[in-house]
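Engineer: sequence and predicted model, in that order:
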Amino acid sequence: MGGFDPQTFPGIPALGLSREYQETAARLLELSKQFQQRYAEFAQQNAAIMQDAIQVMKKRLDAAPPAPSSPTELYDAWIDCAEGTYAQAAHSERFARLLAELCNISSAFKVERGKLTEQIARHLDLPSRAEVDTLHHQVRALKLAMRAAAEAAAPHATASRPAAPRPAASRPPSARAKSSKPPPKLRKRGKK
Amino acid sequence: MNTATDPFADMLQSAAAMQESGRAVLRTMMGLGDVEVGTSEKRCVYSEDKICLYRYTALARSANLKPVLICYAMVNRPYLLDLQPDRSFIRELLLAGLDVYLLDWGYPDGADRFLGLDVYVDGYLRRCVEFVLNEHAIDSLTLLGVCQGGTLSLCYAALEHRQIAQLITMVTPVDFKTPENLLSKWAQHIDFGLLTQSGNVSGDFLNLIYLSLMPFRLTQQKYVNLLQLQGDRVQLENFMRMEKWIFDSPDQPATAFREFIQWFFQENRLIREELTLAGRPVRLENLTAPVLNIFASKDHLVPPSASIPLGARIGSKDYQSLEVDAGHIGLYVGGKTRKSVPAAVVAWLQSRR
């Protein structure tokens, strides 16, 4: 009684010189935990879908003798049942929310991991993501300024050829379009 | 004489035949090597950053129609439209005498993560359109948008309707919130701001989502079916070309991707007339050019219900739709449709000469 519970450790406020790292590490741990929980729910949901699909398959086999005569026929019947059952579940709000939660937790984990990597890169004097991003913005701004200047200098100019386009290929002798099946009938629709 | 067959014996016999076929498939696959895709001759006539505007070499006498600029989706590679000589939407257009350009968005990387949709539509696409107009000394062209590229084309055509003589949209979502749209349902609760905070969205992530739409068919059944091809080299090469295309998915530039999902999938701004690009409102009612809207009845990515509402939203009085009995990809490469769809496009264009 009253012993140290490691599960509560990530909840303790971070203290001291390394508090920023502690907080990032704690968030990563918490997100990993959340991901595992949601993933378990997701796996459970998928198991339930499989169970339902097996029931549907069983009903189909019971209801429509004769039984499939080849493994392929049997397998295709199973795929139909599994896909049909899965589609029903996949269209549900519960499925969409669970999938989104998994995705959101995973995204949050990547963001925190990025912060940690950023800190490490700074300490090692390596180019960090933030620095590269800043450079991207600067290059972009420069390109826009150059384009604006070029357009101001030649207002009617538009897209130009690439620096070194391949020489134009010579046209082959004319050939009649091959005859093909008549095109499908088009439907004209009145405005609603 | 007892003629009744033993179902169990039949089953075993079929299993043995399948095993033999599987062996033949593996033997053939070992000698397949790399498959060629995008074989029609083309050259890059304009490039900027990662994008490239290709012009295809003519294969027939000119039909004297406006040049066609194809704007493909950013989420996949455009060579689906020219997969192989006998399965090539582009080749069919060329054989009909059309002058075809293709905007290839390339493979965005970290340097593109802050580029927004306005850069792609009002920047890259605009400059490609202007390049073609200048090249031919004309005021307007035919814009053909595919899937997400169709949505971007709609935006551009609404902004610059005078430059568009005809607009063709293929499997293009317009209403992103219809009950059949599973991708949209999944997208509603995902925090895309958070997702893109750590950079571009990987092509692998997108593929995982696409496979999850029909996991049993797309990750199991199609490979089991592969074993039944009896080692037919041509069919195996076709399979491998498609396999290559499916998993050749570029990473998505973070900002443009976030904006696309938030503005279109989550907020449905295009159809609600609430979309603004480059500081200008995008109003579909401004689109007055003739429009041909092609959609696929078995499309699991862009259900017909997502494409059909276009007709009621645009300002054009000349609107036609074409429902094709195919899936999202089968529309271009399917046995029946790979000729009939381009033929329909050409016929539609010729009737608006």
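Structural biologist: Good, I have the coordinates.
Engineer: can we go C-alpha only for contacts and neighbour counts from here?
Structural biologist: Noted.
Engineer: could you pull out the strands in chain A for me?
Structural biologist: If you assign secondary structure with DSSP state E, the strands in chain A sit at A:187-188.
Engineer: where do the helices sit along it?
Structural biologist: Assigned helices in chain A, in chain order: A:19-63, A:71-90, A:93-123, A:129-153 (criterion: DSSP state H).
Engineer: flag the shaky bits of the chain, pLDDT-wise.
Structural biologist: I'll assume chain A. Regions of chain A meeting the criterion pLDDT under 70 cover residues A:1-11, A:64-68, A:155-192.
Engineer: oops, I was thinking of chain B
Structural biologist: Residue ranges of chain B with pLDDT under 70: B:1-5, B:7.
Engineer: counting by contacts, list what the longest helix seen in it packs against.
Structural biologist: With residue count as the measure and DSSP H as the assignment, chain B has helix B:7-30 as its longest helix. Helix B:7-30 makes packing contacts with helix A:71-90, helix B:233-247 when contacts are defined by 3 or more Cα pairs under 8 Å, 6 or more residues apart in numbering or on different chains; DSSP states H and E.
Engineer: what does it contact?
Structural biologist: If you take Cα atoms under 8 Å, 6 or more residues apart in numbering or on different chains as the criterion, helix B:7-30 is touched by A:69-71, B:226-233, B:236.
Engineer: mind listing what residue 105 touches?
Structural biologist: Defaulting to chain A. Residues counted as contacts of residue A:105 (Cα under 8 Å, 6+ apart) are A:31, A:34-35.
Engineer: switch to chain B, that's the one I care about
Structural biologist: Applying Cα under 8 Å, 6+ apart, one finds that residue B:105 lies in contact with B:50-52, B:72, B:74.
Engineer: Serialize those to JSON lines and add fields for neighbour count.
Structural biologist: Compiled in JSON lines, the contacts of residue B:105 are given as follows (neighbours: other Cα atoms under 10 Å in any protein chain shown):
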{"residue": "B:50", "neighbour count": "14"}
{"residue": "B:51", "neighbour count": "19"}
{"residue": "B:52", "neighbour count": "20"}
{"residue": "B:72", "neighbour count": "27"}
{"residue": "B:74", "neighbour count": "25"}
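Engineer: could you list which of the residues you listed belong to strands?
Structural biologist: For the contacts of residue B:105, membership in strands holds for B:51-52, with DSSP E as the criterion.
Engineer: please identify which of the contacts of residue B:105 is nearest to chain A.
Structural biologist: Each of those was scored against chain A by Cα to the nearest Cα, and residue B:52 proved nearest at 9.2 Å.
Engineer: so what pairs up with the closest one in the strands?
Structural biologist: Using DSSP bridges, the bridge partners assigned to residue B:52 are residue B:47, residue B:104.
Engineer: and it, how far from residue B:46?
Structural biologist: With distances taken as Cα to Cα, to the nearest Å, residue B:52 is found 6 Å from residue B:46.
Engineer: element containing the closest residue to residue A:103 other than its chain neighbours?
Structural biologist: On the basis of Cα to Cα, 6 or more residues apart in numbering or on different chains, the spatially nearest residue to residue A:103 that is not a chain neighbour turns out to be residue B:190, at 6.8 Å. For residue B:190, there is no host helix or strand (DSSP states H and E).
Engineer: on that earlier part again, output the longest helix of chain B as CSV, restricted to C-alpha atoms.
Structural biologist: Only the C-alpha atoms of helix B:7-30 are listed here, as CSV (Å, rounded to 0.1, in the frame of the first residue of the first chain):
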residue,chain,number,x,y,z
PRO,B,7,-17.9,-33.0,-54.2
PHE,B,8,-14.9,-33.5,-52.0
ALA,B,9,-13.0,-35.3,-54.8
ASP,B,10,-13.9,-32.4,-57.2
MET,B,11,-12.7,-29.9,-54.6
LEU,B,12,-9.3,-31.7,-54.3
GLN,B,13,-9.0,-31.9,-58.1
SER,B,14,-9.6,-28.2,-58.5
ALA,B,15,-7.2,-27.4,-55.7
ALA,B,16,-4.5,-29.5,-57.4
ALA,B,17,-5.2,-27.7,-60.7
MET,B,18,-4.9,-24.3,-59.0
GLN,B,19,-1.6,-25.3,-57.4
GLU,B,20,-0.3,-26.3,-60.8
SER,B,21,-1.5,-23.0,-62.3
GLY,B,22,0.1,-21.1,-59.4
ARG,B,23,3.4,-22.8,-60.2
ALA,B,24,3.2,-21.8,-63.8
VAL,B,25,2.4,-18.2,-62.8
LEU,B,26,5.5,-18.1,-60.5
ARG,B,27,7.7,-19.6,-63.2
THR,B,28,6.6,-16.9,-65.7
MET,B,29,6.8,-14.1,-63.2
MET,B,30,10.4,-15.0,-62.5
